[in-house]
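Q: pasting the sequence and the predicted model now:
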Amino acid sequence: MKKAVLMLVLVLALAMPVFAQEFPDVPADHWAYQAVQELLNAGIVQGYPDGTYGGKRAMTRYEFAEAVAKAIPSIEQSVK
């Protein structure tokens, strides 16, 4: 069960990126808008200093590591 939840979060993190902020490059009618907002509100992803999400660019290993590190406590808490 823990692995399934972790895999789901990782897939969502790869498909999308601070709190209650909206990104101008993720329109409300975009297919990933809700997922991006949920991860943003959970503090798992964040945008770039220019205020954009950058969903069309490749994620670096550093960005991936940060998202996973932020997601693990949320996963652990939801599994308990």
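A: Yep, that arrived. Small disclaimer: the values here were computed from a predicted structure and weren't measured.
Q: okay, now the unreliable bits of the chain?
A: Within the chain, the ranges that satisfy pLDDT under 70 run 1-21.
Q: which residues of it fall in strands?
A: Under the criterion DSSP state E, the chain contains no strands.
Q: what ranges does it have for its helices?
A: For the chain, the helices defined by DSSP state H occupy 2-15, 33-41, 61-79.
Q: Gln46 and Lys70: what is the separation?
A: Taking CB to CB, to the nearest Å as the measure, Gln46 falls 9 Å from Lys70. To be clear about C-beta, it is placed using only N, CA and C from the backbone, and glycine gets the same treatment.
Q: report the set of residues contacting both of these two.
A: The contact sets of Gln46 and Lys70 do not overlap (CB atoms under 8 Å, 6 or more residues apart in numbering).
Q: buried residues in stretch 31-38, which are they?
A: Using 16 or more other CB atoms under 10 Å as the test for burial, stretch 31-38 gives 33, 35-37.
Q: out of those residues, who's nearest Glu66?
A: Val36 (15.6 Å; CB to CB).
Q: can I assume the closest one is in contact with Phe23?
A: Yes. Counting by CB atoms under 8 Å, Val36 does reach Phe23; the two are 7.0 Å apart.
Q: would you mind writing the CA trace of stretch 58-78 as PDB?
A: What follows is stretch 58-78, C-alpha atoms only, in PDB (Å, rounded to 0.1, in the frame of the first residue of the first chain):
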ATOM      1  CA  ALA A  58      12.200  19.000 -18.100                       C
ATOM      2  CA  MET A  59      12.500  18.500 -14.300                       C
ATOM      3  CA  THR A  60      16.100  18.300 -13.000                       C
ATOM      4  CA  ARG A  61      17.200  15.600 -10.600                       C
ATOM      5  CA  TYR A  62      17.500  18.300  -7.900                       C
ATOM      6  CA  GLU A  63      13.900  19.400  -8.500                       C
ATOM      7  CA  PHE A  64      12.700  15.800  -8.400                       C
ATOM      8  CA  ALA A  65      14.700  15.100  -5.200                       C
ATOM      9  CA  GLU A  66      13.100  18.100  -3.500                       C
ATOM     10  CA  ALA A  67       9.600  17.100  -4.500                       C
ATOM     11  CA  VAL A  68      10.100  13.500  -3.300                       C
ATOM     12  CA  ALA A  69      11.600  14.700   0.000                       C
ATOM     13  CA  LYS A  70       8.600  17.000   0.600                       C
ATOM     14  CA  ALA A  71       6.100  14.300  -0.400                       C
ATOM     15  CA  ILE A  72       7.400  11.600   1.900                       C
ATOM     16  CA  PRO A  73       6.100  13.100   5.100                       C
ATOM     17  CA  SER A  74       2.700  13.600   3.500                       C
ATOM     18  CA  ILE A  75       2.600  10.000   2.400                       C
ATOM     19  CA  GLU A  76       3.700   8.700   5.700                       C
ATOM     20  CA  GLN A  77       1.100  10.700   7.500                       C
ATOM     21  CA  SER A  78      -1.700   9.600   5.200                       C
END
